[in-house]
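Asker: Attaching a predicted model along with its sequence, questions to come.
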Amino acid sequence: MNVGDERTVSLWASVTVAPDAVPLTRDEQVDVVVVGSGIAGLSVAYELALAGQRVAVIDRGSIGSGMTARSTAHLTSICDDYFSELIALRGRQLARLFYESQSAAIDRIQSVQETEAMACDFRRLHGFLFPSSAGQDGTLERELDAARQIGVAVERTVGLPFEGFSTTPALRYAGQATFHPLKYLQGLAAGIQRRGGALYSDTVVEKVEETGGGVRMATSSGFVVTGKWAVVATNSPINDRVAIHTKQAPYRTYAMSFEIRAGMIADGLYWDTEDPYHYVRLQPGGGEGHFLVVGGKTIRRARLTTPKSASRT
């Protein structure tokens, strides 16, 4: 199923990332071809354009209409599978590098939205990990110790802005953030185009072929894009039908948004220690209200050998 065929739509869906993007209608030659126009593809394309490379971004649908448009936009430097487990699996040094790299990614998003003057609702917030039921305090102690081992900015606190949680212990992580993902992609797309980059929507790449001088992308419309390099930034890779796909497993997470009065819940990122876990955040709305974004039932502890990304989706 194409993601655009769903019956319910994302909270962010009213924003069109690149309304002037059109399908590819001629052969094109650039420095770098990027396939996929989510936050990964557009971020890479933006950095390359900033470095003076001529970039073309290709997407089979509208620009920015894929999985990023369905993210709940938690920007966290905290490992979903717990730092204690990451340390046990890979050691303190790698766990520290993971935390530092995720923190640097959030810093970069902040820097880019400031440079490009994006009105994307970017906000620095505290993140809170808390037990949702009795008997889970041990998880907090374990994670507090693990976080301190690798230099994470964290402290114990008590009380959460939910009914029945006024005395609940929690870990408060500084330096987390959130934003409007499609407004951010909109800013990235505009920045790419201002620097000479091209965005091609509704263009299906059927074949990725390495040549002596670079990479050749053949599309279903018969037109070809060639470049010195290519970046495949699709949700599921299109260039390798065996080595990657045989290692992928589908997981589903659920999220809903509700209109609430401003001030009902303190702004922040909140997630619990359940497995699967639950999480909430706020998104500024029009007028007096906000949106409460609620997610959960994520299959998160699949014993992966690689930590998951910083953005809860």
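Answerer: Ah, there it is. Residues are numbered from 1 along each chain as shown.

Asker: Remind me what the longest helix seen in the chain packs against, helices and strands.
Answerer: Counting by DSSP state H, the longest helix found in the chain is helix 92-115. Contacting helix 92-115 under the criterion 3 or more C-beta pairs under 8 Å, 6 or more residues apart in numbering; DSSP states H and E are the following elements: strand 74-75, helix 83-90, helix 137-149, strand 169-178, helix 181-194. (Each C-beta comes from the backbone N, C-alpha and C, glycine too.)

Asker: State the mean pLDDT of that helix.
Answerer: Helix 92-115 comes out with an average pLDDT of 98.

Asker: Stretch 172-179 now?
Answerer: Stretch 172-179 shows an average pLDDT of 96 in the prediction.

Asker: now it, how far from the chain's geometric center?
Answerer: For stretch 172-179, the separation from the chain centroid amounts to 14 Å (computed by C-alpha atoms, centre = their mean, to the nearest Å).

Asker: Other residues contacting it?
Answerer: Stretch 172-179 has contacts (C-beta atoms under 8 Å, 6 or more residues apart in numbering) with 73-78, 103, 106, 109-110, 113, 120-129, 147, 152-157, 269, 281, 283.

Asker: then it to CSV, C-alphas only?
Answerer: Output of stretch 172-179 as CSV, limited to C-alpha atoms (Å, rounded to 0.1, in the frame of the first residue of the first chain):
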residue,chain,number,x,y,z
ARG,A,172,14.7,14.2,33.5
TYR,A,173,17.0,14.4,30.4
ALA,A,174,18.1,17.9,29.4
GLY,A,175,18.7,19.0,25.8
GLN,A,176,15.9,17.2,24.0
ALA,A,177,13.7,18.9,21.4
THR,A,178,10.7,18.7,19.1
PHE,A,179,9.5,20.5,15.9
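
Asker: Show me which positions of it end up buried.
Answerer: Neighbour-count burial for stretch 172-179 flags 172-173, 175-179 (criterion: 16 or more other C-beta atoms under 10 Å).
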